[in-house]
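Engineer: test case, fold it:
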Amino acid sequence: MNTKKVMNEDELKIAFAIRKDIFVKEQGVPLEDEFDQYDKLNGDCKHILIHYNEQPVGTGRIRFVDGVGKLERICILESFRKFGLGKNIIKALEEIAEEQGASKVKLHGQTHAEGFYKKLGYRTSSDVFIEDGIPHILMLKEITNDKAIN
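Structural biologist: You can find the predicted model right below:
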């Protein structure tokens, strides 16, 4: 398995197809809510893909809000969720945050994944709220970063 930054439009289309399969088809998020102004190759987000046996099976993105890395759109195709790939996506996004000088990351995690994120060092920082019809919680993590400006 390997994780890589999305570098061209073809890779971005693959990431979008994975997101559409999971968030729109599987979870019922309206198509118009899944994709937004940040979904560009050289925009405000950095997108990644994770491959398993050379097949793209998961994706995520990070954008920066007030100096904090916000992990978003993290997903893995259903038949590949048992291989521990989620932690690799999170690690790759956190590394991008560190490269950009962030000392904190946050995410809106679906409540069923709260335990997963806690195992990776995130702490719950909100009550449950609804996003796209799905219960979520805000989760935060301090990351070690020698480049961070305090």
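Engineer: just checking, what packs against the lengthiest strand in the chain?
Structural biologist: Of all segments of type strand in the chain, defined using DSSP state E, the longest is strand 55-65. For strand 55-65, the elements it packs on are helix 9-19, strand 45-52, strand 68-76, helix 85-99, judged by 3 or more CB pairs under 8 Å, 6 or more residues apart in numbering; DSSP states H and E. Where you see a C-beta, it was placed from the backbone N, CA and C, and this is true even at glycine.
Engineer: so in that sheet, which strands flank it, and in what orientation?
Structural biologist: strand 45-52 (antiparallel), strand 68-76 (antiparallel) (DSSP bridges).
Engineer: list the buried residues for stretch 62-77?
Structural biologist: Ile62, Arg63, Phe64, Gly69, Lys70, Leu71, Glu72, Arg73, Ile74, Cys75, Ile76, Leu77 (16 or more other CB atoms under 10 Å).
Engineer: for Glu11, give its distance to Asn53.
Structural biologist: 17 Å (CB to CB, to the nearest Å).
Engineer: neighbour count: the two, which is higher?
Structural biologist: Higher neighbour count among Glu11 and Asn53: Glu11, with 18 against 8, using other CB atoms under 10 Å.
Engineer: mind listing what the more buried one touches?
Structural biologist: When contacts are counted by CB atoms under 8 Å, 6 or more residues apart in numbering, Glu11 is found next to His47, Leu49, Pro56.
Engineer: likewise Asp132?
Structural biologist: Asp132 neighbours (CB under 8 Å, 6+ apart): Phe23, Gln27, Val29, Pro30, Asp33, Glu34.
Engineer: and Leu52, how far from His112?
Structural biologist: If you look again at residue 52, you'll see it is Tyr, not Leu. 22 Å.
Engineer: with neighbour numbers in mind, choose between those two.
Structural biologist: Tyr52 (17 against 9).
Engineer: got the angle between the helix or strand where Leu138 lies and strand 68-76?
Structural biologist: Per DSSP states H and E: Leu138 is located in strand 134-142. Relative orientation of strand 134-142 and strand 68-76, computed by axes from the mean of the first three to the mean of the last three CA atoms, to 10 degrees: 130 degrees.
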